[in-house]
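From the sequence below, what's the structure:
(2 chains)
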Amino acid sequence: MEGDIVQMGAYIGAGLACMGMGGAAVGVGNVAGNFLSGALRNPSAAAGQTATLFIGIAFAEALGIFSFLVALLLMFAV
Amino acid sequence: MATEEAGSALAFHPMDQFIVKPLFGEGAVHWYTPTNVTLWMALAVVGVFLLLVAGTRGRAVVPSRMQSIAELAYGFVHKMVEDVAGKDGLRYFPYIFTLFMFIVFANFLGLLPRAFTPTSHIAVTGVLAMAVFLSVTILGFVKNGASFLGLFWVSSAPLALRPILALIELISYFVRPVSHSIRLAGNMMAGHAVIKVFAGFAAIAVISPLSIAAITAMYGLEILVSFIQAYVFTILTCVYLKDALHPHH
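Sure thing, here's the model as predicted:
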């Protein structure tokens, strides 16, 4: 019985961890959208900034991946 | 309950593809056991060798297809290192190029049906990230001595804020290998698991055309993600290298 409750808690927690996905989505969308609006204002400078764009996306995305990791830990390790 | 029904409808577990198995026979996996990870890492190295050594064998002035792919990859990473880490970062270009080629081949070979993706395991990417972290930290101290610690002392900030910023910078510095490795492994693992979940739904006759279409779409996305994650891993290595070579803000 106690193990069942722990198991249930782990599953609920894994589901809740999916909310981190939304945060990462907002972050990545924000980076890409701001890049695009800047790039349309000054297209000649855009090509030089793609590396910065990807670094920004990578940082924003890493935090979403952390929530995925938490979900995996709850599903398989706890 | 809904998850249990979906779970029983799947013909296999979506995470089964990441199980490390011995190549020959059954039994426990020791550090010396050749496993499927060993095989696919070796295949990635063979692929890099075939492209870069065998592909450029002709050294033609007008390159063949293989040679132009190899030249393109070389030029791409060379420009990246030069742009991000600066001219003096180019001394470390061979290491960064090796990292990029290995990751890109491991990712792409892992996309073959029935293949195994070594980069989906934190054990693999963790070693790559720790190697980058340790070498960059040692390099920073060798090149700059104690002034490498200036990386944590933001001299452009107000004096009162600097200790707090130093603490934050210190934490973010030591989180680097963690996020560096988990980003690559997590992306590869998540993408492959999503493909396998859709593949499990393909066994249900009513939705199987839809799920096969979804697999195709995810596969296209995964090809993109495989390249972008290798690119991101490499460019972050360049950023860390730049911090080691020029630690002052």
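
rest of the way, CA atoms for contacts and neighbours
Noted.

how much space between B:E82 and B:C238?
According to CA to CA, to the nearest Å, B:E82 and B:C238 sit 9 Å apart.

between these two, what contacts are shared?
Common neighbours of B:E82 and B:C238, counting by CA atoms under 8 Å, 6 or more residues apart in numbering or on different chains, are B:G89.

By mean pLDDT, point me to the weakest helix or strand of chain A.
helix A:50-72 (a mean of 85; mean pLDDT, DSSP states H and E).

Ok, chain B next?
Per mean pLDDT, DSSP H and E, bottom of the list for chain B is helix B:2-9, a mean of 45.

Toward the C-terminus, what is the element adjacent to that helix?
helix B:36-49 (DSSP states H and E).

tell me the angle of the helix or strand following that next one relative to helix A:50-72?
Sequence order places helix B:65-85 as the next helix or strand after helix B:36-49, per DSSP H and E. Computed by axes from the mean of the first three to the mean of the last three CA atoms, to 10 degrees, the angle separating helix B:65-85 from helix A:50-72 equals 90 degrees.

in chain A, what spans have low per-residue confidence?
A:78 (pLDDT under 70).

burial count for the closest residue to chain A within chain B?
Proximity of chain B to chain A (CA to the nearest CA) peaks at B:R183, 5.4 Å away. By other CA atoms under 10 Å in any protein chain shown, 27 other residues sit near B:R183.

Any buried residues in the helix or strand it falls within, and which?
If you go by DSSP H and E, B:R183 is part of helix B:162-201. Across helix B:162-201, burial judged by 16 or more other CA atoms under 10 Å in any protein chain shown covers B:162, B:166, B:169, B:173, B:176-201.

do stretch B:41-60 as well
B:41, B:43-45, B:47-48, B:51-52, B:55-56.

ok, back up a step: so between B:E82 and B:C238, which is more surrounded?
Neighbour comparison, B:E82 and B:C238: the larger count goes to B:C238, with 27 against 15 (by other CA under 10 Å).

Leaving out the residues flanking it, which one is nearest to the more buried one?
B:A85 (5.5 Å; CA to CA, 6 or more residues apart in numbering or on different chains).

what pLDDT does that neighbour get?
The per-residue pLDDT reported for B:A85 equals 90.

What's the separation between it and A:M8?
B:A85 is 48 Å from A:M8, by CA to CA.

Pick out whichever of these two has more residues nearby.
B:A85 (24 against 12).

Contacts only, for the more buried one.
B:238-239, B:241-242.

Now with 10 Å, please.
B:A85 makes contacts with B:79, B:92-93, B:235, B:237-246, as judged by CA atoms under 10 Å, 6 or more residues apart in numbering or on different chains.

Put the buried members of those into a ChimeraX selection.
In ChimeraX, a selection of the buried entries from the contacts of B:A85 looks like this (16+ other CA under 10 Å):
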select /B:93,235,237,238,239,240,241,242,243,244,245,246
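
What about the contacts of B:A85, which are in helices?
Among these, DSSP state H puts B:79, B:93, B:235, B:237-245 in helices.

Kindly state the pLDDT recorded for the nearest residue to B:M80 once chain neighbours are set aside?
Take B:M80 and drop its neighbours on the chain: the residue closest to it by CA to CA, 6+ apart is B:I235, 7.1 Å away. Per-residue confidence at B:I235 stands at 92 (pLDDT).

wait, isn't B:I235 in contact with B:V77?
Yes - between B:I235 and B:V77 there is a contact at 8.8 Å, judged by CA atoms under 10 Å.

residues shared between the contacts of these two?
In contact with both B:I235 and B:V77: B:83, B:96, B:100, using CA under 10 Å, 6+ apart.

Tabulate those residues in TSV, adding columns for neighbour count and distance to A:M19.
Converted to TSV, the shared contacts of B:I235 and B:V77 look like this (neighbours: other CA atoms under 10 Å in any protein chain shown; distance: CA to CA, whole Å):
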residue	neighbour count	distance to A:M19
B:D83	16	36
B:I96	23	35
B:F100	24	32
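
Report the entries of those residues that also contact chain A.
The subset of the shared contacts of B:I235 and B:V77 within reach of chain A, by CA under 10 Å from any CA of the partner chain, is B:D83.

For stretch B:14-22, measure first residue to last.
20 Å.

Centre of the chain to that stretch, how far?
In terms of CA atoms, centre = their mean, to the nearest Å, the gap separating the centre of stretch B:14-22 from the centre of its chain is 19 Å.
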